[in-house]
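> Turn this into a model:
(chains A and B)
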Amino acid sequence: MSRALVIELLRATLPKQSLITDPKALKPYESDGLTAIRELPWLVALPENVPQVEAVVRVCRSHGVPLVVRGAGTGLSGGARPHKDGIVLGLSKLNKILAVDVDNCVAIVQPGVRNQAISDASAKYGLYYAPDPSSQIACSIGGNVAENSGGVHSLKYGLTVNNVVGLQVLTIDGNFLELGGKGLDSPGYDLLALLSGSEGMLGVVTEITVRLLPKPPEKRVLLAAFHEIGAAADVVGNIIGQGLIPAGLEMMDRLAIEAAEEYVHAGYPRDAAAILLCELDGVEAEVESNVAFVSQLLEEGGAYDIRVASDPEEQARFWLGRKAAFPAMGRISPDYYCMDGTIPRARLSEVLERIQQFSRHYGLRVANVFHAGDGNLHPLILYDANQPGELERTEEMGGKILELCVAVGGTVTGEHGVGVEKLDQMCAQFSAAELDQFHRLKEAFDPESLMNPGKAIPTLSRCSEIGGMHVHGGKLPFPHLERF
Amino acid sequence: MRTDTDQKDRLVEAVAEAYAERLSLQIVGSGSKVFLTEPTTSDTQARLLSLTEHRGVTEYVPEELVVTARSGTTLKELEQQLARAGQMLPFEPPRFAGAGTLGGAVASGLSGPGRPWYGALRDAVLGVEMINGRGEFLRFGGQVMKNVAGYDVSRLQAGAFGALGVLLSVSIKTLPKPAVESTCIFELKADAALEKLRAWARLPLPITATCHVDNQLSVRLSGSEASVSWGVEHIEGDSVNGEAFWSQLRNHEHGFFNKEGEGILWRLSVPPDTPLTDEPTMIEWSGALRWVYSEKVLTDWAREQGGYALPFNGDYRTQSLLWSNDKLHKRIKRAFDPAEILNPFADVVVDAN
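Here you go, the predicted structure:
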């Protein structure tokens, strides 16, 4: 199949403005948020409606052309990196909110709708869409489904999979699957769950029904400073063990605090070894009593400075340093590499200690900024790519950290996805039989492997070739976006 | 109490052997849900694979909000252990006739009265250890809340009735038990009840269960003392102790589930604003779950409303799994179980190609 013929076929079905073939215009699509890994596709199709999506899928199926589906392109693992002999199907023009159904507390949206736009459209009814990945002003809901995105509030409100109730999915064979709906349960295998986080490997999501929740009337944000990072980690387990689930529970270590202070002057205590940010929401009386309870736990756990932000401005300031922590790193180091492992909370203190040991061993600084409440770590290894050998040391150390996450019962990716970035680490987490099972499942949907080929699940031969861990480096793109 | 035993090796061997011999296996737990899985011709020819001896909680650190247990562990035992640490299974699985195992609960995928607020059974599934139809031991997911490595094969097992694998152990998200629980009862007809529920669904009330039956609306509120008393005041209800009622409802011991001569009991999962019919109805989940006795087949009607109806009898499993009766379902089945030896549930032949 030649590129020219495919272009000709698509010209016949898509409007002129929905087809990009000029190499210069293709450039912005050569990578997603993982800009270190790039490839120019044959073409980019930007359909304006579902029948046009069908037309693109039909051409790919009939002529065996690889298909890479793309949302807003903010993903961090290369899930939307183009295939060099394939089509990128961009869903950004399918950006309509089809309905906000207040009686059933759901919204029906197209995949290109921005995450934040759903909450904005629901706000006048006192409702909102709970999952809030930090890139929510830019990322699309279709991409959220593909990655099963989390966010700062997933500890209490769940991930994308827990908040999506219906999907319309176009499979490569041209059939539409209607999964779930405005109700809650549906019969058959739970394909709704299977599609969530499937990284564009199983089908094209063409319509999404999400649950809307009533907005909590009150919230408070607590900031607690500790002299010992281990003490802060232990308090995290203690708060949850006491039966209280905060809306958010985040942690930053000394290096992260310093960098954030230099950058945005959030007013964080600079002498702290670690700070915890804890958001509590609910009705007024409940929030008040929880603030008192958590404050007591923080104090007993060794916090030497506890502040409570009641008004929105002060709350925003508390969060500012946390949300700006990643761009802040860019100011104290030429390069940094962001990781995404998840571990059981009880191992936090131990894992952070081991990361510090790795840091000393490799002579590389590590800053920790992460979702402590659900054990999702984002260690940032600071390095200078211009120093010979530093990138290699960074990669090796990154591999060690992910190995450690798997060894303590965790996972190599909590929320960023495997994409192309973590294919090698998948070899460490899964056995050959398990990887084989993934491939068989993929085959049930896409026997010719046309959808996002080569992503998410490594081939068995790749795993046997590497025979161990290897991590690719990558710089964080979109520095203006809030992250993680 | 019986002792915990690990039967993993025996079970892996049994499945591998059955695969080699192309022998069907009927996976059984306590048998409490056998009324939903009427035997078919192929069932009666199948060899029994009992999981009741593969039992015991293998890991439970309450602060992690996760428990891992072998699939033959009884729900009773599991929930008692959680209760001792002040926690619970968020999805309140039904225990029919007081029985049921963790594996059976996951396989049937049934969630209890708190489902819209605490999440469904599948929401709480974090990881599984299982044997596929080729006799391979596999692990998916894990013990952490956030995990996007590989396809979500763990949640795919929820409601699959063992057709995709023999569950060996399951890691489940747990929740702290609410400090306070209150129940308010209102004398209301069904349409007025639905109207109230619709209005309340838009407010941040600590509602965790609702049930309308026999012109009575019961509402459960749970959480901290402060939030529950605010909620009770807001809905203008009088607090009573409803513990026994919710337990009866959850375990289908309520009289409504045992009506004779009213026709088939249907379970309808529908949009909350689905209209009422004049058949005997019990409404849960703020309108999203309806139990209806009917002489008619409600399948198409429920589809028209944007939902699903399944007969809550021996046909339940078959109709659920053959819902779409399509090629994709069949191909997924064969991806896990190429010889189709696991829980063959019907003689319906579907061409997978």
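
> Going by neighbour count, which residues in stretch A:215-235 are buried?
Buried residues in stretch A:215-235, counted by 16 or more other C-beta atoms under 10 Å in any protein chain shown: A:215-216, A:219-226, A:229-235. (C-beta placed from N, C-alpha, C; glycine too.)

> Next: stretch A:377-391.
Buried, per 16+ other C-beta under 10 Å, within stretch A:377-391: A:377-383, A:390-391.

> For the closest residue to A:Ala25 other than its chain neighbours, list the residues it contacts.
Among residues not flanking A:Ala25 along the chain, A:Val44 sits closest, at 8.0 Å (C-beta to C-beta, 6 or more residues apart in numbering or on different chains). Applying C-beta atoms under 8 Å, 6 or more residues apart in numbering or on different chains to A:Val44 gives the contacts A:19-20, A:25-26, A:29, A:87-88, A:90.

> Low-confidence ranges, chain A, go.
Filtered on pLDDT under 70, chain A yields the residue ranges A:1, A:467-484.

> Give me the domain ranges for it.
When chain A is parsed with automatic domain parsing, its domains come out as A:3-90, A:97-214, A:218-328, A:333-481.

> Deepest-packed of those domains, please.
domain A:97-214 (a mean of 23; mean count of other C-beta atoms under 10 Å in any protein chain shown).

> Over to A:Glu199. Which of the three states is it?
Assigned by DSSP: H, G, I helix; E, B strand; the rest coil, the conformation of A:Glu199 is coil.

> sorry, back to before: out of the buried residues of stretch A:377-391, flag the one nearest to B:Pro275.
A:His378 (48.6 Å; C-beta to C-beta).

> Apart from its neighbours in sequence, what residue is nearest that closest one?
In space, A:His378 is closest to A:Phe370, 4.7 Å off (C-beta to C-beta, 6+ apart).

> name the helices or strands packed onto the helix or strand that neighbour falls within?
When elements are defined using DSSP states H and E, A:Phe370 is found to belong to strand A:365-370. In terms of contacts (3 or more C-beta pairs under 8 Å, 6 or more residues apart in numbering or on different chains; DSSP states H and E), strand A:365-370 is packed against strand A:248-253, helix A:254-264, helix A:325-332, helix A:348-362, strand A:379-383.

> how about the CA coordinates for it, as PDB?
The C-alpha coordinates for strand A:365-370 follow below in PDB (Å, rounded to 0.1, in the frame of the first residue of the first chain):
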ATOM      1  CA  ARG A 365      20.200  14.500  42.800                       C
ATOM      2  CA  VAL A 366      16.600  13.200  43.100                       C
ATOM      3  CA  ALA A 367      13.600  15.400  44.000                       C
ATOM      4  CA  ASN A 368      10.400  13.700  45.200                       C
ATOM      5  CA  VAL A 369       7.000  15.300  44.500                       C
ATOM      6  CA  PHE A 370       4.100  12.800  44.600                       C
END
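
> Residues contacting it, please?
Here strand A:365-370 has contacts from A:250-253, A:255-256, A:259, A:322, A:325-326, A:329, A:333, A:336, A:352, A:355-356, A:358-359, A:376-382, A:484, using C-beta under 8 Å, 6+ apart.

> partners of that strand in the sheet?
For strand A:365-370, the paired strands and their directions (DSSP bridges) are strand A:248-253 (antiparallel), strand A:379-383 (antiparallel).

> okay, the angle between that strand and helix A:254-264?
80 degrees (axes from the mean of the first three to the mean of the last three C-alpha atoms, to 10 degrees).

> how about A:Ala266, what does it touch?
A:260, A:317-318, A:320-321, A:324.

> any idea how far the closest residue in space to A:Ile257 that isn't next to it in sequence is from chain B?
Distances taken as C-beta to C-beta, 6+ apart place A:Tyr268 nearest to A:Ile257, at 5.0 Å, with adjacent residues excluded. Distance, A:Tyr268 to chain B, using C-beta to the nearest C-beta, to the nearest Å: 25 Å.

> Which helix or strand contains A:Tyr268?
Under the criterion DSSP H and E, no helix or strand holds A:Tyr268.

> picking up where we left off before, beta-bridge partners for the residue nearest to A:His378, please?
A:Met251.

> repeat for B:Arg55
B:Thr5.

> Name all residues that make contact with the residue lying closest to A:Ser449 once chain neighbours are set aside.
Once flanking residues are discounted, A:Ser449 sits nearest to A:Lys442: 7.1 Å by C-beta to C-beta, 6+ apart. Residues in contact with A:Lys442 (C-beta under 8 Å, 6+ apart) are A:201-202, A:449, A:457, B:151.

> now these as JSON lines including distance to B:Gly56 and secondary structure?
Shown next, in JSON lines, are the contacts of A:Lys442 (distance: C-beta to C-beta, whole Å; DSSP: H, G, I helix; E, B strand; the rest coil):
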{"residue": "A:Met201", "distance to B:Gly56": "36", "secondary structure": "coil"}
{"residue": "A:Leu202", "distance to B:Gly56": "35", "secondary structure": "coil"}
{"residue": "A:Ser449", "distance to B:Gly56": "41", "secondary structure": "coil"}
{"residue": "A:Ile457", "distance to B:Gly56": "32", "secondary structure": "coil"}
{"residue": "B:Tyr151", "distance to B:Gly56": "28", "secondary structure": "coil"}
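
> Would you reformat those residues as a markdown table and include distance to B:Ser294?
Listed next are the contacts of A:Lys442 as a markdown table, based on distance: C-beta to C-beta, whole Å:
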| residue | distance to B:Ser294 |
| --- | --- |
| A:Met201 | 41 |
| A:Leu202 | 36 |
| A:Ser449 | 46 |
| A:Ile457 | 45 |
| B:Tyr151 | 38 |
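
> For A:Ser122, state which of those is nearest.
For the contacts of A:Lys442, the closest approach to A:Ser122 (C-beta to C-beta) belongs to A:Leu202, at 28.4 Å.

> so that closest one sits right up against A:Met451, yeah?
Yes. The pair A:Leu202 / A:Met451 is scored as a contact, 6.8 Å apart, by C-beta atoms under 8 Å.

> Find residues that contact each of those two.
Both A:Leu202 and A:Met451 are in contact with A:Phe445, where contact means C-beta under 8 Å, 6+ apart.

> Show me the helices in the stretch 151-300 of chain B, by range?
Assigned by DSSP state H, counting those that start in this stretch, the helices in the stretch 151-300 of chain B fall at B:153-156, B:190-201, B:225-234, B:243-250, B:299-304.

> one step back: restrict the buried residues of stretch A:215-235 to those near chain B?
Contacts with chain B are made by A:215-216 out of these, judged by C-beta under 8 Å from any C-beta of the partner chain.

> what about the residue nearest to A:His378, distance to B:Val213?
Noted for A:Phe370: a distance of 47 Å to B:Val213, by C-beta to C-beta, to the nearest Å.

> Return stretch A:128-136 as CSV; C-alpha atoms alone will do.
The C-alpha coordinates for stretch A:128-136 follow below in CSV (Å, rounded to 0.1, in the frame of the first residue of the first chain):
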residue,chain,number,x,y,z
TYR,A,128,-18.6,18.5,38.3
TYR,A,129,-16.5,15.7,36.8
ALA,A,130,-14.2,14.4,39.5
PRO,A,131,-11.0,13.0,37.9
ASP,A,132,-8.6,16.0,37.5
PRO,A,133,-5.3,15.2,35.9
SER,A,134,-3.1,18.2,36.4
SER,A,135,-3.0,18.8,32.7
GLN,A,136,-6.8,19.1,32.8
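
> Do that stretch and chain B come into contact?
No. Shown here: stretch A:128-136 not in contact with chain B (C-beta under 8 Å from any C-beta), separated by at least 10.8 Å.

> pLDDT score assigned to B:Asn325?
pLDDT for B:Asn325: 58.
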